[in-house]
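**Student:** Compute the structure for the input listed below.
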Amino acid sequence: MRCSLHSTFIILPLIIFLFTIFSTFCSADQQNITVRGQAICRRRSVKGLHIELREHDTFDPDDSLSTTTTGPDGTFEVRGSENEKCRRITEIDIPKEKVNGIYEMNFVNLNLPGHRDKETCDD
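**Tutor:** Numbering: from 1, shown residues only. Have a look, this model is predicted:
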């Protein structure tokens, strides 16, 4: 049995590509939030107060998801959703001796990031 360097480089990107697809299904869902509350000051309702729901991002600008104004009794409800279109890419080394054979990975836990993970986001 002959194992060439070329076949190793074909299999590894294929595995990485498959993990990219799996991690997309695991973590790229639309995220939604509804926030309800009542604004008060010195035990009195505050009407007409501007309320803004923002999403905090670490590396890119924060996003304003929605705005509203408090009602006559100070109550408000604001809803927002966001899909950053991000994917986690995990690199896993496949031993050379497994090329042209089967490499049993057993369980691949997609909700726990590994040591060689990176995240990429579409604009």
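**Student:** burial count for residue 50?
**Tutor:** 9 (other CB atoms under 10 Å). C-beta here means a position set from N, CA and C on the backbone, and glycine is covered the same way.
**Student:** burial count for the closest residue to it other than its chain neighbours?
**Tutor:** Nearest non-adjacent residue to residue 50, counting by CB to CB, 6 or more residues apart in numbering: residue 69, 6.1 Å away. For residue 69, the neighbour count with other CB under 10 Å is 11.
**Student:** and residue 69, what does it touch?
**Tutor:** Contacts for residue 69 (CB atoms under 8 Å, 6 or more residues apart in numbering) come out as 48, 49, 50, 51, 76.
**Student:** run the last query once more with 10 Å
**Tutor:** Shown in contact with residue 69 (CB atoms under 10 Å, 6 or more residues apart in numbering): 47, 48, 49, 50, 51, 76, 78.
**Student:** Could I get those in CSV, plus columns for pLDDT?
**Tutor:** Shown next, in CSV, are these (pLDDT from 0 to 100):
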residue, pLDDT
47, 91
48, 92
49, 90
50, 89
51, 88
76, 89
78, 88
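**Student:** What is the nearest of these to residue 118?
**Tutor:** residue 78 (33.1 Å; CB to CB).
**Student:** neighbour-wise, which of the contacts of residue 69 leads?
**Tutor:** Within these, most neighbours by other CB under 10 Å means residue 76, with 21 neighbours.
**Student:** helix/strand/coil for that one?
**Tutor:** At residue 76 the chain is in strand, as set by DSSP: H, G, I helix; E, B strand; the rest coil.
**Student:** and it, what does it touch?
**Tutor:** So residue 76 contacts 35-39, 46-47, 49-51, 53, 67-70 (CB under 10 Å, 6+ apart).
**Student:** mind running it again at 6 Å?
**Tutor:** Contact partners of residue 76, counting by CB atoms under 6 Å, 6 or more residues apart in numbering, are 37, 51, 68, 70.
**Student:** which ones among these are found in helices?
**Tutor:** Judged by DSSP state H, helices contain none of these.
**Student:** And the strands in this protein, which stretches?
**Tutor:** 31-38, 40-41, 44-45, 50-55, 63-69, 75-82, 86-90, 117-121 (DSSP state E).
**Student:** in the fifth one, what counts as buried?
**Tutor:** Within strand 63-69, the residues that count as buried by 16 or more other CB atoms under 10 Å are 65, 66.
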